[in-house]
Each structure stands twice: as structure tokens, then as C-alpha cells.
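**Q** the sequence and its predicted three-dimensional model are supplied below.
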Amino acid sequence: MASLTAKVIHGHTYYYARECQRINGRPKIVRTIYLGSADDLIAAALRHKQGQVPQPHSVDIAAFGDVVALYDLAQQIGLVALLDRHLPKRTQGLSVGQYLLLAAINRAVHPTSKLRFADWYRTTTLPRLLPATAKQLSSQSFWNHLDFVTEAHIAAAERELSQRLIDQFRLSLRTLAYDGTNFFTFIDTRSPAELPQRGHNKQKRNDLRQVNLGMLVSTDFHVPLFHKVYAGNVPDCTIFETITEELRCRYQELARGCEHITLVFDKGNNGDEAFQTLDATDFHFIGSLVPSHHADLLDVPASRYQALPGERLQDVRAYRTRKVVYGQERTIVVTHNDNLLHGQLQGLTSALEKARGKLRDLQTRLRRRRQGRVRGGKAPTAASIRKQAQEALVGQHVKTVLRVAVQDGAVPTLSFETDQAALLRLIDKQLGKTILFTDNEEWTDEDIVLGYRSQHHIEDAFKQMKHPHYLGWQPMYHWTDSKIRVHAFTCVLALTLSSLLQRTLHQKGVDLSLPRMFELLGGIREALVIYPKKQGQRHPTIARTLSTLTAEQEQLLTALDLRRYL
């Protein structure tokens, strides 16, 4: 029962509302609420009668949907405790697992440098979920803890994490995809780090040092199960020999969830030593071969190809045989895909046009010199013109189709033409074809082709890690090998949480790409409406609510049950 009580303090009367309950047979005051003076009560009554709303003092906006969704998933996994069990830490500040979780969430939703890490943190809901001071989130504090982490620590943590994900989320292990990629850096040439080296960069930045990353992912929403950071000048096939040995050791751990595991990889990883190790494991595999190395398979007439069943393979025909490859007789499936043929022809046509344009420019420069319109500079020679012409013939098959001739003279002459016979031969024999090989002898042609196509999951994973806004490897402002390894692990953890979140939404009937998922979740903001402190209040009144949501955002919020974090 509530009652109104007056108190006289320093000659002024103040009013309180008291709630009284009978406890153990005796009346007892259980709640007291300060109401203010008589003037305060009158003003409050008038505002209520007139429908007036108290004016807020300020409003704070914080990122909610994306960071909370990833944090919630990490809580379900028990990620922080798992990481802390394997990674050493200093006896102060946040744990290493907490640091890595915050860094992984940052890397997933808003990649930034460690210098701006604390600034980003303050604009999110994370301060009330995982409290930390600005000093604890400084770059120095972060690396004071993470510098103790070695490659062996990361490998141990990843092994347990992979097994937990397999057990907890029932990830499909029927096919696993492996591949490697590289990330260019701006590390100075004189830096003593061994991981950043110059090599063939897939983003065409051969002028910069790069770091290579090999990764094994499930074909069930490209969840990473294993990663390897290695020097930028090491070819994929060379590192695959090492990784197959590590995978052999991991097979028994992975096989607890699936007895028949097929490894899928592309031809860039092929090598004799790698297959010697792979053949000694219980892994099955599907790979591809370089077409030009197997002319006998390309010469098989089209009449021996059979159409494949299923809507997904309606434009694909296949020829099946057996052949000794890398020391063992393997099942070979040569496919011809009309869509692939059209795509390759478009790419070849574009490459030929670019090459012809460069050759025409070279012809123009030579003609101007013959006409005396250009006289300065070093005089061209037949050798220098041949070199420039060969440099112009970039692109797959361009050198096969374009014939270039250079004639010597006071000023060399250049001519070129398209070899129509070579072009027709290329279309008939090679374009549109893919040569697959496997040890899954009992699999149908359809199973083998679809199994190899699952490799797109690893390609999509690397694509996401190079996205400019979400899951980006860049920026990477590190120039020591140990920090680069921690950075790579952080990026892999970010991809792990993001892929699992995408998979969770799929299971609840919501199918979205990773960028679209983060775009929608990132638009869900938390608003803190702060009201002026009243007399007697130690802290201001705060009302917490969400920004206005679209139907899609409301669907995500409900599917992930994130309102409980309000």
C-alpha cells in the first residue's frame, strides 16, 4: 500500500511516496520514492494534465545490430574462454580472448587501425557488454598482451575452436575447400620481416611486398577450419606440400564428425610431393589439371561427351576416363561448359583488343620516327621493339592467337595479325573445358563436378576478406612477423563469426550476402535519450530505444533475438 509522507529538511518540506507491505506479520517500508517539494508536485501534475513531455538533455547514438549479433554468437561459442585457455596474457587489463573478440568484431563491421580502435569502440554498444578503458584499448596495451602469442599458440586455439564449431553447429564436412591468396602491404623494403615478400600478386600490385594466406573452409557457409600464413614469395604448390602434412595430422580430429572427407582444391596447388603426402592420408580429393599439359584429353571428340542430369548442369557435358596422374591412376572427368566457353571468349576478345591497341600505339610511334616527326631519344632497335611487342601480349591465349612480326631497318617496322586457324583450334580443343581428377571412383560425374564447384566457397571467403568495408584485411599497419600472424588470426576469427551468423540466419529462413547482412544490421542503432537530473537525483534518467527499423531489419532482430540486449 502506498502513502504520501512529508519531511521537513532545513525548514523546507519535501514529499516522498512510500510503499508498505506486511512481512512476517509486521508492516515494513519496502520502497521509498522522492517526489520533491509541493511546487514540484504541482508542476508535475500540470505537465501530466497538459500532456507535456520532459525535454531531453541529449541523445547518444551507438552501433547495436551488427556488434551485438557477433558478440552474442561469440558468447554462444564460449570464444573468449577458449582463447584464454590457449593464449598467454599479462596479469593486468583485459584478457587476450577479450582483446581478440573486440578486434574481430571491429575487423568484421568497421575495419580500423589500432590507433582508432578505442574511438570506434566508444561509438558502439560494446562498452556496456564488455567494459574497457581507453588506455586498455590503446595500441600499446593491445600489443603488450598480444606480443606474447606465438604461431603455436594460435594453432592450438584454432584446433579446439574448429572442433567445437563442428560439434556445436553440426558443420558438414563431406567436402572441404582449400586455396591460397595474397594481400599486398606497404611495408618498407628494408624491413627485416620474413613474411612480407615480393611475388605474383593477385591484385596486380607486384611492386609491393605481400603476405600469403592459405585457408581450409567448410563448404557449409565457408566457415574457416584451418589457416596458414606464409611468405609472399612462396608458390601455392610449395606451401600445399607442407599443409597436406598438417592436414594429415588434423584428419583424425575432423573425421570424428564425418568418415568420408573430400578435399577440393584448384590446379595451382598441384605437385608431386603434395600428392605423395595426400595419398598417405585418409582424405579423398577433387582437383583440376592444367589443360595444356594433357593434350590427349583435349583431343577427345565432342561425340564422346555425355550430357549431365540436373538443372544446375544443364549446359555441361562430360567425358569420363582413367589416367595415371601424379604417380597414381585417377578418375578423370573432362567437362565442356557452354557458359564457361562464352565467358572465356568474352575475356579473350577483351584481351585481344587491349593488345591490338598497344601494338597500334607502337606502330604509330615507329611511323612518326620514320617520318622525322620524332628525332630525340634512344633510337629503337628490332630487339627493343620485339620486347615491347611481347609485353603488349598480356592475357591468357593472346600470344597464341596474335602473330607479331618485326622487320629490321633504320627504323624497325612492326606488323601483326590474328591467326584465325589458331583461334578456331583453341575454341574447338580447349576453351570451355575443365579437366577434373579425383580418387572418388564411386562418385558419379555429377557428384564430381558439383563437388569441384563447391570450391567457390573458399573463393568467396577470400573475396569477403578483400572487401573495402566489411571483413577487410586492410588496413594492416604491422611490419613484424608475429604481429602479422596475430592480424591474420583476427581476420580469420572475424570471418568465422560472420559466416556462422550468415549460416544462422539461413537456418531461420533469411538468406543474405555478407555485405547485405552487415549493411542491414549496421543500420540498427541504439539511441540513449538522457534527461536532465532532477533535484536529489545522483544520475540522470536514461531511456534506451532502437532506431526506426525497416521490415528487413525487424526480421533480423527477431530471428537473432537481439532485443534482450536492450
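**A** Good, I have the coordinates.

**Q** how much space separates residue 433 from residue 299?
**A** When distance is defined by Cβ to Cβ, to the nearest Å, residue 433 is 11 Å away from residue 299. C-beta coordinates here come from the backbone N, C-alpha and C atoms, glycine included.

**Q** more neighbours: those two, which one.
**A** residue 433 (20 against 9; other Cβ atoms under 10 Å).

**Q** what does the pLDDT read for residue 262?
**A** Residue 262 is assigned a predicted lDDT (pLDDT) of 86.

**Q** same deal with the one 3 residues further on?
**A** Per-residue confidence at residue 265 stands at 87 (pLDDT).

**Q** ok, it - contacts?
**A** 177-179, 240, 285, 287, 455 (Cβ atoms under 8 Å, 6 or more residues apart in numbering).

**Q** quick one: which of those sit in helices?
**A** Among these, DSSP state H puts residue 240 in helices.

**Q** tell me where the stretch 1-150 of the chain has strands.
**A** Assignment of strands within the stretch 1-150 of the chain using DSSP state E, counting those that start in this stretch yields the ranges 2-9, 12-23, 26-36, 58-63.

**Q** could you dump the ones you listed to a markdown table with mean neighbour count?
**A** What follows is these, written out as a markdown table (neighbours: other Cβ atoms under 10 Å):
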| stretch | mean neighbour count |
| --- | --- |
| strand 2-9 | 10 |
| strand 12-23 | 12 |
| strand 26-36 | 11 |
| strand 58-63 | 14 |
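
**Q** so what pairs up with residue 22 in the strands?
**A** Beta-bridge partners recorded for residue 22 (DSSP bridges): residue 27.

**Q** same check, this time on residue 545
**A** Once the bridges are assigned, which here means DSSP bridges, residue 545 pairs with residue 527.

**Q** which among the contacts of residue 265 gets closest to residue 491?
**A** Using Cβ to Cβ, the shortest approach to residue 491 within those belongs to residue 179, at 15.6 Å.

**Q** and the residue nearest to the closest one when sequence neighbours are not counted, how many residues sit next to it?
**A** By the measure of Cβ to Cβ, 6 or more residues apart in numbering, the closest residue to residue 179 outside its immediate chain neighbours is residue 458, 4.4 Å from it. For residue 458, the number of neighbouring residues by other Cβ under 10 Å comes to 26.

**Q** which stretches of this protein have low pLDDT?
**A** Applying pLDDT under 70 to the chain flags residues 1-2, 47-58, 245, 248-259, 534-537.

**Q** state the distance from the residue nearest to the spatial centre of it to residue 514.
**A** With distances taken as Cα atoms, centre = their mean, the residue of the chain nearest its centroid is residue 465 (3.2 Å). Separation of residue 465 from residue 514 (Cβ to Cβ) stands at 10 Å.

**Q** list the buried residues for the longest helix along the chain?
**A** In the chain, taking DSSP H as the definition, the longest helix is helix 338-370. The neighbour-count check on helix 338-370 (16 or more other Cβ atoms under 10 Å) flags 340-341, 344, 348, 351-352, 355, 359, 362-363, 365-366, 369 as buried.

**Q** now swap in stretch 119-127 and tell me
**A** Along stretch 119-127, these residues count as buried under the neighbour rule (16+ other Cβ under 10 Å): 120-121, 124-126.

**Q** can you lay out those as TSV showing distance to residue 25?
**A** Below are these laid out as TSV (distance: Cβ to Cβ, whole Å):
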residue	distance to residue 25
120	57
121	53
124	51
125	46
126	49
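
**Q** the residues you listed: which two are farthest apart?
**A** Between any two of the buried residues of stretch 119-127, the greatest separation by Cβ to Cβ is 12.2 Å, found for 120 and 125.

**Q** touching both of those two, which residues are there?
**A** In the contact map built from Cβ under 8 Å, 6+ apart, no residue is linked to both residue 120 and residue 125.

**Q** just to revisit the earlier point, who are the packing partners of the longest helix of the chain?
**A** helix 382-392, helix 398-401, strand 402-407, strand 413-418 (3 or more Cβ pairs under 8 Å, 6 or more residues apart in numbering; DSSP states H and E).

**Q** gap between the longest one and the chain center?
**A** In this view, helix 382-392 has its centroid 40 Å away from the chain centroid, taken as Cα atoms, centre = their mean, to the nearest Å.

**Q** please report how far residue 154 lies from residue 221.
**A** As judged by Cβ to Cβ, residue 154 and residue 221 stand 23 Å apart.

**Q** and the nearest residue to residue 5 once chain neighbours are set aside, what are its bridge partners?
**A** Here the nearest residue to residue 5 in space, its sequence neighbours aside, is residue 16; by Cβ to Cβ, 6+ apart that works out to 5.0 Å. Beta bridges link residue 16 to residue 5, residue 34 when assigned by DSSP bridges.

**Q** separation between residue 16 and residue 35?
**A** 6 Å.

**Q** what sits in contact with each of the two?
**A** With contacts taken as Cβ under 8 Å, 6+ apart, the residues that reach both residue 16 and residue 35 are residue 4.

**Q** for the buried residues of stretch 119-127, which one is nearest residue 22?
**A** Here the nearest of the buried residues of stretch 119-127 to residue 22, counting by Cβ to Cβ, is residue 125; it sits at 42.1 Å.

**Q** pretty sure that closest one contacts residue 565?
**A** Yes. Applying Cβ atoms under 8 Å as the test, residue 125 and residue 565 come out as touching, 7.2 Å apart.

**Q** what touches both of the two?
**A** Common neighbours of residue 125 and residue 565 are listed as 64, 68 (criterion: Cβ under 8 Å, 6+ apart).

**Q** hang on, residue 508 packs against residue 561?
**A** No. Contact between residue 508 and residue 561 fails when scored by Cβ under 8 Å: they sit 10.0 Å apart.

**Q** between these two, which one's more packed in?
**A** A side-by-side neighbour count of residue 508 and residue 561, using other Cβ under 10 Å, places residue 508 first with 13 against 9.

**Q** how far away is the more buried one from residue 118?
**A** Using Cβ to Cβ, one obtains 34 Å as the distance from residue 508 to residue 118.

**Q** please apply the same query to residue 540.
**A** Between residue 540 and residue 118 the distance, using Cβ to Cβ, works out to 24 Å.

**Q** so between those two, which is more surrounded?
**A** Neighbour count, other Cβ under 10 Å: between residue 540 and residue 118, residue 118 has more, with 19 against 13.

**Q** contact partners for the more buried one?
**A** Neighbouring residues of residue 118 by Cβ under 8 Å, 6+ apart: 134, 137-138.

**Q** need the buried ones from the residues you listed selected in ChimeraX.
**A** Here is the ChimeraX selection string for the buried members of the contacts of residue 118, based on 16+ other Cβ under 10 Å:
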select :137
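
**Q** distance to residue 389 added to the contacts of residue 118, as CSV?
**A** Converted to CSV, those look like this (distance: Cβ to Cβ, whole Å):
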residue, distance to residue 389
134, 60
137, 56
138, 56
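
**Q** from the contacts of residue 118, which is closest to residue 79?
**A** With Cβ to Cβ as the yardstick, the closest approach to residue 79 among the contacts of residue 118 comes from residue 137, at 18.4 Å.
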